[in-house]
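**Student:** Sequence and predicted model, in that order:
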Protein chains: 2
Amino acid sequence: MAGDIPKNANGEPVEVPPGHVRLRMTVAYDGTNYCGWQWQDGQMTVQQRIEEALARLFRHASRVGGSSRTDTGVHAVGMVAHFDLPEDDWRMEPRKLVLALNAHLPNDVRILAAVKAKPTFHSRFSARGKQYRYLVWNHPAHHPLLLTHSWHVPWDLDLDRMRRAARSLLGRHDFLALSSSPGYERQHTIRHLSRCEIRRSGPLLTFIIEADGFLYRMCRGIVGTLVQVGNGKIPTTELTPLLASRDRCLTGMTAPAQGLILQKVYYPPRA
Amino acid sequence: MAGDIPKNANGEPVEVPPGHVRLRMTVAYDGTNYCGWQWQDGQMTVQQRIEEALARLFRHASRVGGSSRTDTGVHAVGMVAHFDLPEDDWRMEPRKLVLALNAHLPNDVRILAAVKAKPTFHSRFSARGKQYRYLVWNHPAHHPLLLTHSWHVPWDLDLDRMRRAARSLLGRHDFLALSSSPGYERQHTIRHLSRCEIRRSGPLLTFIIEADGFLYRMCRGIVGTLVQVGNGKIPTTELTPLLASRDRCLTGMTAPAQGLILQKVYYPPRA
């Protein structure tokens, strides 16, 4: 049956086929033990785990579409995903579907909510923006309870400098120099960064980064570069010319995956 | 050499012997993979890990004394411990001792600080109070990033009722009914609870519990009982008569170990 559903180039159903309902889910996961979100041959991914759970609950295979392809080791508390079910299969109330799915998922992947969506809703194409958070533990010794979801930065950091540099990234820019974009992504590299905030609570720094979209590893490029600004390796005033250079080699390091958390995905009010 | 040091019944040196210095450390650990703090034959404990690291750094065995004997699975961010070194071995500055010890410890045990203490300082006997925190994730699905350091409570909780009940525990009481004290501990069971606060941030409840001392599993008894008050299983007004009964069977469940974190240990200003 799943074979009849019209799909885009990634094998995701673009619009719900006749006789089906589209479900929208919010998903949280610890990315430590996964090769990211997206299905990969021979690797365990979060998408695959959820598809396996759906296959055990319903009679047929469902392809799950996600809003973001998080990398290996990256976590999520607000990933949005969607899938289609034949109307006949859609008898459970959403609360029970969530419980049933979680019963078939490992502890490190949790469905937080499921609702019936509009037939035109698509977790990736309908998204208007995303918020990521990045955790840095800034102390000589790493925090034993944050080992798998923060970056240990033992060096002294000048937070004022980092915040000034973060502000200079706000607005519409070409972010190629702060991403690790593969070749095919080098053409549409302008994004609007609407928030780039650094909160401190003791040794814990929380980066809150929001944009209308993100290039490959852009968040981790921003955090790595801001940490190098904080450490005095890159001058605060350098970020605007660095962006203009479109040269990845000139910018700072890419922060490691395990500090990154997909926090929220934004949709238009009536998506 | 360690054999010459005068020790108390637990094998801990009570006062620093001549020609030795006493060091005071702050220790953080993820208790998931340990059978608690205290040395146990044939089991891996945090104390043993630290003694092994010290043995690799110095020529002789050091016995490490801790302020609290945390249970299997319980965590700490502010455990205080002490040990003695012959003066000849005490050449490193404290910052370097911390780095060297951490280099010989696994990631889930971290020394946060080390300072030279007064010869009369004892991490357990000098302590005047402790703060524990307990994390509860109150949502139908557990948070994948908090699996090993929170208790998943999916039931509806009435926070106002819980806070009223928490306030009724403040002050000087016999806490036997809220502990799981073994026989020998049933005589001195009066403690002064100076703080019992419940903070909410979305589905995360943080219990902050401070007392001049804690009976065995007293914190977990308090949290388990307050959660049952929140769930309507125990009336708010019942806690005072329950304490008076000194009967563990009448009170609520013991909250699981993995939500508990030893936060701080308090000492007199010039201890």
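**Tutor:** Cool, got the structure.

**Student:** Low-confidence regions, the stretch 101-250 of chain A specifically.
**Tutor:** Residue ranges of the stretch 101-250 of chain A with pLDDT under 70: A:181-186, A:250.

**Student:** Swap in 80 and give it another go.
**Tutor:** Applying pLDDT under 80 to the stretch 101-250 of chain A picks out residues A:181-187, A:247-250.

**Student:** ok, A:Leu105 touching A:Arg49?
**Tutor:** Yes: applying Cβ atoms under 8 Å, one finds A:Leu105 in contact with A:Arg49, separated by 6.1 Å. Glycine gets a C-beta too; all of them are placed from N, C-alpha and C.

**Student:** Give me the outermost residue of chain A relative to its centroid.
**Tutor:** Relative to the centre of chain A, the most outlying C-alpha is that of A:Asp88, 32.4 Å out, by Cα atoms, centre = their mean.

**Student:** is it fair to say that residue lies in a helix?
**Tutor:** Yes: judged by DSSP: H, G, I helix; E, B strand; the rest coil, A:Asp88 forms part of a helix.

**Student:** And it, how close does it get to A:His60?
**Tutor:** 11 Å (Cβ to Cβ, to the nearest Å).

**Student:** quick one: contacts for A:Asp89?
**Tutor:** A:58-59 (Cβ atoms under 8 Å, 6 or more residues apart in numbering or on different chains).

**Student:** Could you report the pLDDT at A:Thr251?
**Tutor:** Looking at A:Thr251, its pLDDT is 67.

**Student:** what about the spatially closest residue to A:His152 that is not a sequence neighbour, how many residues close to it?
**Tutor:** Residue nearest to A:His152 in three dimensions, not counting chain neighbours: A:His142, with 4.0 Å by Cβ to Cβ, 6 or more residues apart in numbering or on different chains. By other Cβ atoms under 10 Å in any protein chain shown, 20 other residues sit near A:His142.

**Student:** what does the one 10 residues further on give?
**Tutor:** By other Cβ under 10 Å, the residues close to A:His152 number 19.

**Student:** Just read off the phi/psi values of it.
**Tutor:** The phi and psi values for A:His152, taken as degrees, to the nearest 10, are phi -80, psi 110.

**Student:** doesn't A:Leu135 make contact with it?
**Tutor:** No: here A:His152 does not reach A:Leu135: they are 10.1 Å apart, not a contact under Cβ under 8 Å.

**Student:** Could you say which helix or strand holds the residue nearest to A:His152?
**Tutor:** Following DSSP states H and E, there is no helix or strand that holds A:His142.

**Student:** any idea how far it lies from B:Arg110?
**Tutor:** 6 Å.

**Student:** OK, contacts around A:Val46?
**Tutor:** Listed by Cβ under 8 Å, 6+ apart, the contact partners of A:Val46 are A:27, A:29, A:31, A:34, A:36-37, A:70, A:76, A:79, A:109.

**Student:** for A:Leu99, same thing?
**Tutor:** B:Pro140.

**Student:** In which helix or strand does it reside?
**Tutor:** According to DSSP H and E, A:Leu99 maps onto helix A:94-103.

**Student:** Same question for A:Pro241.
**Tutor:** Applying DSSP H and E, one finds A:Pro241 within helix A:239-245.

**Student:** helices or strands up against the following helix or strand past that helix?
**Tutor:** Note on helix A:239-245: by DSSP H and E, the next helix or strand toward the C-terminus is strand A:260-266. Identification of packing neighbours for strand A:260-266 by 3 or more Cβ pairs under 8 Å, 6 or more residues apart in numbering or on different chains; DSSP states H and E yields strand A:75-86, strand A:129-137, helix A:218-230.
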